[in-house]
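Novice: task: produce atomic coordinates for the following.
(one chain, ligands or ions: 2)
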Amino acid sequence: MTMNALKIIRTFALRMSTVKIKDKEFSTFISAEKIQARIAELALELNNDYQDKNPVFIGVLNGAFLFTADLFRCMKGDCEVSFIRVASYTGTQSSGAVKEVMGLSSDLKGRHLVLIEDIVDTGHTAVYLMETVKKLEPASVRFATLLLKPEALQHDFRPDYIGFEIPNDFIVGYGLDYDGLGRNLNDIYTLIA
Ligand code: IMP
Ligand code: MG
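Specialist: Ligands and ions are numbered 1, 2, ... in the order given. Predicted structure coming up:
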């Protein structure tokens, strides 16, 4: 069998792959290969933009832990990484008001910061984070997200670095969860039933 035929079969198999998490079924949406290829492209841009600036990458837990790690290991030269967590008032609803940011270091004054999110949905979290972080008087703040749901966005906000723009459907995998599960999937899956 030729390499090409193998590749086609594999792509087909990937497309057909489904997973069940609790009561819901998901099918493959963005393959691990596509995710990694896009991260390499974003890293090229970031390496270019932050050359000799010793940026601080701030990953937003839990969802962005894998994206932050994979992006960070593509960075060249001096750079730092840390993580924060955002606690919301209301359970799992993305529309819930953002309560507080935990783990934010106070010594970010004068530093070049890049906030890293897994996904921007309504944009509530992103806008709140940008406002909170700017109070620390950094030299600059930019926002990187692996995924953006433009149809769900409720703010006049555009992330500086975007991996993929996706439809307004619920997804899991590569750090993103459904009820705490699915973060360990290497591909990203979308809800089908
Ligand atoms: P936002 O504040 O509405 O933009 O929500 C951002 C957060 O909601 C993300 O960081 C995720 O934790 C979560 N979220 C939004 N959409 C999804 C999804 O499709 N799957 C899993 N988590 C999501
Ligand atoms: Mg997140």
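
Novice: so which bits of the top helix by length along the chain are buried?
Specialist: Assignment by DSSP state H gives helix 32-49 as the longest helix of the chain. Applying a neighbour-count criterion of 16 or more other Cβ atoms under 10 Å, one finds 35, 39, 42-43, 46 buried in helix 32-49. All C-beta atoms are positioned from the backbone trio N, CA, C, and that covers glycine.

Novice: that one packs against which elements?
Specialist: On a contact count with 3 or more Cβ pairs under 8 Å, 6 or more residues apart in numbering; DSSP states H and E, helix 32-49 meets helix 65-72, strand 140-148, strand 161-165.

Novice: tell me the most buried of these?
Specialist: Of these, the one with the most neighbours on average (mean count of other Cβ atoms under 10 Å) is strand 140-148, at a mean of 22.

Novice: ok and that one relative to helix 65-72, angle-wise?
Specialist: Taking axes from the mean of the first three to the mean of the last three Cα atoms, to 10 degrees, one finds strand 140-148 and helix 65-72 inclined to each other by 120 degrees.

Novice: ok, strand 140-148: who's next to it in the sheet?
Specialist: Paired neighbours of strand 140-148 in the sheet (DSSP bridges): strand 112-120 (parallel), strand 161-165 (parallel).

Novice: just put those in JSON lines and tack on mean pLDDT.
Specialist: Formatted as JSON lines, those follow (pLDDT from 0 to 100):
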{"stretch": "strand 112-120", "mean pLDDT": "98"}
{"stretch": "strand 161-165", "mean pLDDT": "98"}
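
Novice: many thanks, I have nothing further to ask.
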